[in-house]
Structure formats: C-alpha cells, structure tokens
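Asker: 3D model of this:
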Amino acid sequence: MLTGRTAKIVWSFLIGVTAAEGAALAWVFWPAGNWLLSAVHYAATPTGTPLAWCLSACVASAYIAHAARRSPVIRRYAFRPRSWGPFAGVRLLAVVMAVVTGFFEEVMFRRAGMDLAMRHGYGSALQILFSAVAFGLVHAVWGLFGGHVRAAASAMLATGTLGGLLAIVYIIGDRSVAPCVAAHILINVTLEPWLILTSASASWGKRSVSL
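Answerer: Okay, here's the model as predicted:
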C-alpha cells in the first residue's frame, strides 16, 4: 500500500484530474441531453480512416515502449498484474482516469484546438505544432511532482512529441478524433498509475527504484 508523500501526490493527482476533466466533459455536453452518449458520439464521428487507426496503434505502442524504457517503475509493475496488490486502489482509479482523460484531452487538444486553429486560417503544419506544444506544456507538471525542472522538461518533450504524433493521426484520419482517443486511452490504461508514481518518486531515467 502506498504511504506518505508519494501516496498523497498519486491520490491527489488521480482524483483531481478525473474530477476536473470529468466535470468539464459533463459541462460541455450537458446541453445535448445525455452528456455521456453525446460525448461518445462527438468523439466517434467521423470514424477515421484505416491508415489513421493503424498509425494510432503504432504511436501508442511506441510511446508505451519509450515510457517503459525510461521508467523503472513502469518496467517493474505495468506488465506484471500479480504485482498490483499494494496498488489496487490507485490502479482501479487510474483506469477511470484513463477513459476520462483520453476523451477530454483528445477532444480539447486535437479536435477543438486544431479545428479552432484551422478556422483562423492556420495550415495543417501549424495546427500540429500548436497541438504538440500545448499538450507538452500541460504535461510538464508530471516532472514537477518530483521537484526537478529537468524531469519537467523531459516530460514536456515526450508528451509534446506524443501530442504532435496524435495531431498527425487526426489530420490523416480526415479530422476524426476517434483513433486519437483510442490511442490515448490505451496508453493511459497501460501506463497509469505508474507514470504518476515515476514522477512522484523522481525516477525518470533511473535503472531501479524502491517505492
């Protein structure tokens, strides 16, 4: 079971992000009636192209592999369900967070953000750049959990790259956010809460860690 400062950080992050982004989704789609079904319909229409779905699977796989290479926490726990016992509570909440953030962040950073840039006359390249930079900046907070600016910069670079790749998927998929949402959820379901634990324990790039 998690205890001390690390436990407070992980629980606070999971609860805070899930509640904030879940409330935002409900607020945005509430006028449409059944806000949950409305959100799913919004994210799944249009459905995307076969190439975009294939690319989204490749992006998700590559990011998971990269994160595992950089994090001893992910290597030790993410792919070993038998080791999850002490983390059962945060693991269960992380699944809920994965679905909520997968929907909210892709709708925000890809569909809404990139479509807004397009309406202001920006081409695909700048739309992708804006999406990548915004996504990276927001996720720099991961590195700050451990109190290290270098870790924050590393998190920003990694997530910014992911955001840029998912933005490309969005363009290739005829501006369908569905493949992006699927990739984002897959990444978060696989890597959380281990990514947060990595940041909280400042273990990015280390060979081993004790929680």
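Asker: quick one: buried residues of the lengthiest helix in the chain?
Answerer: Longest helix of the chain, by residue count under DSSP state H: helix 4-29. Of all the residues in helix 4-29, those buried under the rule 16 or more other Cβ atoms under 10 Å are 6-7, 9-11, 13-14, 17-18, 21-22, 25, 28-29. Just so you know, the C-beta spots here come from the backbone N, C-alpha and C atoms, and that holds for glycine as well.
Asker: do stretch 121-130 as well
Answerer: Of the residues in stretch 121-130, those buried under the neighbour-count criterion (16+ other Cβ under 10 Å) are 124, 127-130.
Asker: Pass me the low-pLDDT residue ranges in the chain, would you?
Answerer: Confidence mapping of the chain against pLDDT under 70 gives the ranges 1-3, 142-149, 151, 202-205, 207-211.
Asker: now residue 66, nearest residue through space, not along the chain?
Answerer: residue 158 (6.9 Å; Cβ to Cβ, 6 or more residues apart in numbering).
Asker: what about that neighbour, how many residues close to it?
Answerer: By other Cβ atoms under 10 Å, 19 other residues sit near residue 158.
Asker: Residue 35 now?
Answerer: When neighbours are counted by other Cβ under 10 Å, residue 35 registers 15.
Asker: Correct me if wrong: it contacts residue 26.
Answerer: Yes. Between residue 35 and residue 26 a contact is recorded at 5.1 Å, counting by Cβ atoms under 8 Å.
Asker: Do a quick rundown of the helices in this structure.
Answerer: 4-29, 35-44, 50-70, 72-77, 88-106, 113-119, 124-139, 141-145, 149-172, 178-191, 194-200.
Asker: Out of these, the one nearest residue 206 is which?
Answerer: Across those, residue 206 has its closest neighbour in helix 72-77 (5.5 Å, Cβ to Cβ).
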